[in-house]
Each structure stands twice: as structure tokens, then as C-alpha cells.
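K.L.:
Sequence and predicted model, in that order:
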Amino acid sequence: MKVLITGAGGFVGQKLVARLRRDPGALGRPLTELVMFDVKVPASASAADASGIGGACFAERWVEASLVDAAALGAALRGGIDVVFH
């Protein structure tokens, strides 16, 4: 499952990212890609692939842009997203 989190660098967004990293199956299906979208990528962010519980791996990427940037949002959604947290 591919997941996009808007505001992923904020307080709630970072908590959601941490939860999905700890338990990639928390949404009922295995996480295959985590796209984090925010105007500023936190200093603690990792652009590398992440490993979850049980050795499950998924792709992870940050998109540093504003939601009003239609081109950046379109690029983040390209390839299909199953769930958006906004």
C-alpha cells in the first residue's frame, strides 16, 4: 500500500510517520511506499529506505513543497497513492 502524509514534518505528521515505520501493517495491508510531503523536511528526516517490524521493507521519500504547488503535489501522487493523510 502506498501512503502519502501531508504535513509529515509537523507534530502530528511526525507521530504518524513514526507509527507507520514501527508497524508497516498498521493500516491492514503491508506498506510498500511512504511519501512524506511538507514545506520543510525536518533535520531528523531520513531519505533512506526504512525497515519495519519483522524485517518488512518499504520505500520512503520526502517531497519538500507547499500543497499549493500543483506540480509538486501532482508529482507526489504520480504512480498512484492508496491512502492520503491530510
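P.N.:
Received the coordinates, thanks.
K.L.:
make it CA atoms for all contacts and neighbour counts henceforth
P.N.:
Noted.
K.L.:
partners of the helix or strand Ile5 falls within in the sheet?
P.N.:
Ile5 belongs to strand 2-6 when assigned by DSSP states H and E. Strand 2-6 pairs in its sheet with strand 33-38 (parallel), strand 83-85 (parallel), by DSSP bridges.
K.L.:
What is the least confident helix or strand in the chain?
P.N.:
strand 50-51 (a mean of 46; mean pLDDT, DSSP states H and E).
K.L.:
next SSE after it?
P.N.:
Strand 50-51 is succeeded, C-terminally, by strand 57-64 (DSSP H and E).
K.L.:
List the buried residues for that next one?
P.N.:
Buried residues in strand 57-64, counted by 16 or more other CA atoms under 10 Å: Cys57, Phe58, Glu60, Arg61, Trp62, Val63, Glu64.
K.L.:
is it true that the second one touches Leu31?
P.N.:
Read it as Phe58. Yes - counting by CA atoms under 8 Å, Phe58 does reach Leu31; the two are 6.2 Å apart.
K.L.:
Name the helix or strand for Ala43, please.
P.N.:
Per DSSP H and E, there is no helix or strand for Ala43.
K.L.:
Number of residues surrounding it?
P.N.:
When neighbours are defined as other CA atoms under 10 Å, Ala43 has 7 of them.
K.L.:
Now Leu77. Nearest residue, chain neighbours left out?
P.N.:
Using CA to CA, 6 or more residues apart in numbering and skipping the chain neighbours, the partner closest in space to Leu77 is Leu4 (7.9 Å).
K.L.:
what sits against the one you found?
P.N.:
Listed by CA atoms under 8 Å, 6 or more residues apart in numbering, the contact set of Leu4 reads Leu34, Val35, Met36, Phe37, Ala76, Leu77, Ile81, Val83, Val84, Phe85.
K.L.:
Quick check: pLDDT value at it.
P.N.:
Looking at Leu4, its pLDDT stands at 98.
K.L.:
For beta bridges, what are the partners of it?
P.N.:
With DSSP bridges as the rule, Leu4 is bridged to Val35, Val84.
K.L.:
for the lengthiest helix in the chain, which positions count as buried?
P.N.:
Secondary structure of the chain per DSSP state H: the longest helix is helix 11-22. Residues Gly13, Gln14, Val17, Leu20, Arg21 are the ones in helix 11-22 that count as buried (16+ other CA under 10 Å).
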